[in-house]
Structure formats: structure tokens, C-alpha cells
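Enquirer: Sequence isn't available, so here's the structure alone:
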């Protein structure tokens, strides 16, 4: 496993006022008209000083979450932390993010600058053109399943500052129970009745949750690259693909991955994790990827068509400006253009 550098005695960098101000700027970007953010900014100096004092004295405590459910592209419970907590999330990640990111493999994507969905799709296409078989996998109930004790143990391999770990521990613990109804209990070897009460789950929506999810599955990345010696592999959050010219080799790797993930108290959707010829295509990040082209998954097009009709109706009734409608159309088109979707893009955006 990739070891890397460890970091000690840097907690004051987190509550430094300049870092807190930079965290505020990032947390408020594009949303400064929101009432809670506007109120925070109105008393910005005193709010940041209050946060600094609480962090320095280690009396800071996270607030409660506001949760709501989205249904597209799939049903998910999104949980939003109070704005002052989001400032703390950014302050922590400003300092610890680069430390942890240095341990990531090249083909780990999401929540990193320049390594978004489209870069991951390009990498998948690159491998599809060079290997005969592909094995797609995705983790079941990933965010609800993330085990707090295991996550803190992973973080502590790099972060060996007790006060930083205490702060991280508070943020991790604040998410306990938020996704409880989204989790179906799974028992692993050596479990007892008390295993059901293990603290687990990271709220979807937190900056820290998104990044720590990558940290959690970096353990898998290192296993795949260092132990299994897989040359062609890419992961985007909880979706990952392995490639080989030997179908049996992919089957063996699949079994090894299932066994390894049990150490992280995770499972995959085994019914869909089967090696297949690359020429038949593979579903990855909302697209069906073939060696020479990509198609948007039909449900993605249907979902946007429904949303577009709703947006257009809002514009017709004055609930949405033409400018905002155009922004939404351009954003979707820019994503969809990474597949062979010219006709779809033209058709969907018609009134």
C-alpha cells in the first residue's frame, strides 16, 4: 500500500483568520444572496472571529442538518449543514485536502481539480480501445455505509495531529444517523449483535463527505494497483471499472475486490459486476461507453426532457427568466455533448 508522508502540529493553520476568510469565500461562491449566507456576511468579521475562537479553544460543535430528497438521476437524500459549519468544512479541507490528495492514484476521479466526470469518461474510452474485456462495479449504499471508525483510522495514517483529528471526528460524528433509513444492515465475518449500532454514514452534500469518500476508497485503489497489479483501472466515487485481455483474470479480480471491500464494510452490486467484451459497451457515469463512441443512457435523456418541459413552463409563467432557462439548457448540453447526442440535444430543447 502507498504510505506517503504524515503531518503533525498544524492545527493553528485551520483556525487562522485568513484561512477562515478564504473558506467563507469558497463556501459562499454563487450563493451570497441566500438569507443565511447574507446574514453571516453582514457580520463577517465577528462571525469569523467567533469561529476562530471556538476552533482554537476546541469548543466548536457542528449544528444540525437540513435534509431533502432528490429523485433524479436516482433517489437520494441530500443533507445540508448550517452555513457556518460549511465554512469550517472548507477551512479544514483547505489545509488537509492537499495532504490527503497526494496519496491518490492517477485514475481516481471526482472532487479534484481537473478530474471530473468528463475526464473519467475519456479515461474509460482510452482503456476500452486497448483491452478486450471490461468489468464494471459499483458500491452498494456507499455513503450510508461508510464506517466512522474505519474512516478515522484511515485519516489518522496521514493526519497525526490530535486536535485536527478531534475536529474531523466531530464533523464525522455529526452525520451519524442522517442516512440511517437509507442503510440496509449487512453483517460481515466476525460481527456480533452490537455491529448493527456501529456509527456509520456521511451526509451527501458536505464538502468533507465528498472528499472523505475518495479517501475511504483510496484504500481500494491502492489494493487494486499495488496488490492486484491492475494496469487499467479507473474510479469515480463509488463507480469503478477494471480492464483486461483475459476474462478469467477479471473474474479473479472481482472476487478479490469483494473480499477486500469487506474490510471496509462495503459490498458491490454483484449481480451487475460481470466481465463483458469491450465492444458491447459498458455503462459508466450516465453514459454507455463503446470503444469508438458514447451514448447517453436513455433514462438520462427522458429525465432532462421532463425537467426541460417544467423549466419552459416556468419561463412561460414568469417564474424563470429566459437567461436562467438558457443557462440550464447550456449546462445540460455541455454534459450531453460528451456522447453522440446531437439529435437528442436538438430535440430535447425544443419547446
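Expert: Noted; the coordinates are in hand. Predicted, not measured: the structure shown is a model, and the values here were computed from it. Residues are numbered from 1 along each chain as shown.
Enquirer: Please name the nearest non-neighbouring residue to the most centrally placed residue in the chain.
Expert: Geometric centre of the chain, nearest residue: residue 210, 3.8 Å, by CA atoms, centre = their mean. Excluding its sequence neighbours, the residue lying closest to residue 210 (CB to CB, 6 or more residues apart in numbering) is residue 111, at 4.7 Å. C-beta coordinates here come from the backbone N, C-alpha and C atoms, glycine included.
Enquirer: Next up, the contacts around the one you found.
Expert: By CB atoms under 8 Å, 6 or more residues apart in numbering, the residues touching residue 111 are 210, 211, 213, 214, 237.
Enquirer: Buried residues of stretch 242-260, list them for me.
Expert: Applying a neighbour-count criterion of 16 or more other CB atoms under 10 Å, one finds 242, 243, 244, 249, 250, 251, 253, 254, 257, 260 buried in stretch 242-260.
Enquirer: So which of those residues are in strands?
Expert: 242, 243, 244 (DSSP state E).
Enquirer: and the residues you listed as a markdown table, adding distance to residue 134 and pLDDT?
Expert: Listed next are those as a markdown table, based on distance: CB to CB, whole Å; pLDDT from 0 to 100:
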| residue | distance to residue 134 | pLDDT |
| --- | --- | --- |
| 242 | 7 | 98 |
| 243 | 5 | 98 |
| 244 | 8 | 98 |
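Enquirer: Relative to residue 20, which of these is nearest.
Expert: residue 242 (41.9 Å; CB to CB).
Enquirer: Residue 128 is in contact with residue 276, isn't it?
Expert: No. Using CB atoms under 8 Å, residue 128 is not in contact with residue 276, being 11.1 Å away.
Enquirer: Compare the two and say which one has the larger neighbour count.
Expert: For residue 128 versus residue 276, neighbours defined as other CB atoms under 10 Å are more numerous around residue 128 (23 against 14).
Enquirer: just to revisit the earlier point, same list, the buried residues of stretch 242-260, but as a markdown table with distance to residue 50 please.
Expert: Below are the buried residues of stretch 242-260 laid out as a markdown table (distance: CB to CB, whole Å):
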| residue | distance to residue 50 |
| --- | --- |
| 242 | 49 |
| 243 | 52 |
| 244 | 55 |
| 249 | 57 |
| 250 | 54 |
| 251 | 57 |
| 253 | 51 |
| 254 | 51 |
| 257 | 46 |
| 260 | 44 |
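Enquirer: farthest pair in those residues?
Expert: Farthest pair in the buried residues of stretch 242-260, by CB to CB: 243 and 260, 18.3 Å.
Enquirer: So residue 232 is in contact with residue 131, correct?
Expert: Yes. The pair residue 232 / residue 131 is scored as a contact, 5.7 Å apart, by CB under 8 Å.
Enquirer: Could you list which of the contacts of residue 111 belong to helices?
Expert: Residues of those located in helices (DSSP state H): 210, 211, 213, 214.
Enquirer: That concludes my questions; thank you for your assistance.
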